[in-house]
Structures are given as structure tokens and as C-alpha cells.
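With the input below, show me the fold.
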Amino acid sequence: MEIAYLDHDNVIDVQLQADNAPIDLAHVTRMDLVFDDVVISSEEYPDVFDWSVGEGMVRIKLYGVPLERRYYDAELIVYDDSTPHGVVWGIIPILVK
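Numbers count the residues shown, from 1 in each chain. Now for the predicted structure:
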């Protein structure tokens, strides 16, 4: 489980893999993190996501986003030119404090 602090600069680093190897995120156009009925999108919140870190890493910084402080099973959706409707990459368990 990851812990996100809304009032601090802590980050969550997630490595996206396929067949046990990091994926290339060079062609990603957008990411969404879905917390129940709240969608945090890189289009609306560009400072939340950084997928330029390398080695398939996505750095997520939830500072200042409009979330209730509680536990979530957040769904990560990744978009690129070949998947304009997005690929549900998986669930990230996050405790928001």
C-alpha cells in the first residue's frame, strides 16, 4: 500500500512492466488515476504525473488534489497514440492522509 500526503511533497513511484520488463513510456500522451468517482487526469493536473523518469517509472505527486483523506483502490489508466481510449494498467492501493 502507498501513502499519499495531500499537504506535503511526498511522491509515489510506480514501475509499469510487461513480461517482467519496464515498459517504454515515451509515447504516453495522458494518464488518469481514478479514485472512486474522482478522476485525477494529467490533462487537468499536469504536475501530478511524471512519466519521464525512465525505466517504466511513473512518479505521482498528489499534493493539493481534491481527495477525501481515506483508503482507495486507485485505478491507473494509461493513454498513447495506439490506445486513445486508454489501457487500465492496474490498481494502486493508496492511503490518502
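
Ranking helices and strands of the chain by mean pLDDT, which lands last?
strand 17-18 (a mean of 94; mean pLDDT, DSSP states H and E).

Name the next helix or strand following that strand along the chain.
With elements assigned by DSSP states H and E, the helix or strand that comes after strand 17-18 is strand 21-22.

quick one: buried residues of the helix or strand following that next one?
Using DSSP H and E, the helix or strand that follows strand 21-22 in sequence is strand 28-35. Of the residues in strand 28-35, 28, 30-35 count as buried by neighbour count, 16 or more other Cβ atoms under 10 Å. C-beta: built from backbone N, CA, C; applies to glycine.

and strand 28-35, what other elements does it pack with?
Helices and strands touching strand 28-35, by 3 or more Cβ pairs under 8 Å, 6 or more residues apart in numbering; DSSP states H and E, are strand 38-41, strand 49-54, strand 71-80, strand 83-96.

quick check: angle from the last one to strand 28-35?
What it means is strand 83-96. Relative orientation of strand 83-96 and strand 28-35, computed by axes from the mean of the first three to the mean of the last three Cα atoms, to 10 degrees: 40 degrees.

Now do the buried residues in strand 83-96.
Using 16+ other Cβ under 10 Å as the test for burial, strand 83-96 gives 89, 92, 94, 96.

With stretch 5-23 instead?
11-12, 14, 16, 23.

Tell me which residues are up against that stretch.
Stretch 5-23 has contacts (Cβ atoms under 8 Å, 6 or more residues apart in numbering) with 2-4, 25, 53, 55-65, 67, 69, 76, 78, 89, 92, 94, 96-97.

for stretch 40-52, same thing?
25, 28, 30-34, 57-62, 65, 67.

Please state the offset of that stretch from the chain centre?
8 Å (Cα atoms, centre = their mean, to the nearest Å).

same check, this time on stretch 45-58
Between the centre of stretch 45-58 and the centre of its chain there are 8 Å (Cα atoms, centre = their mean).

Who does the residue lying closest to Glu55 once chain neighbours are set aside form a beta bridge with?
Excluding the flanking residues, the one nearest Glu55 by Cβ to Cβ, 6 or more residues apart in numbering is Pro22, at 4.7 Å. In this structure, Pro22 bridges to Gln17 when assessed by DSSP bridges.
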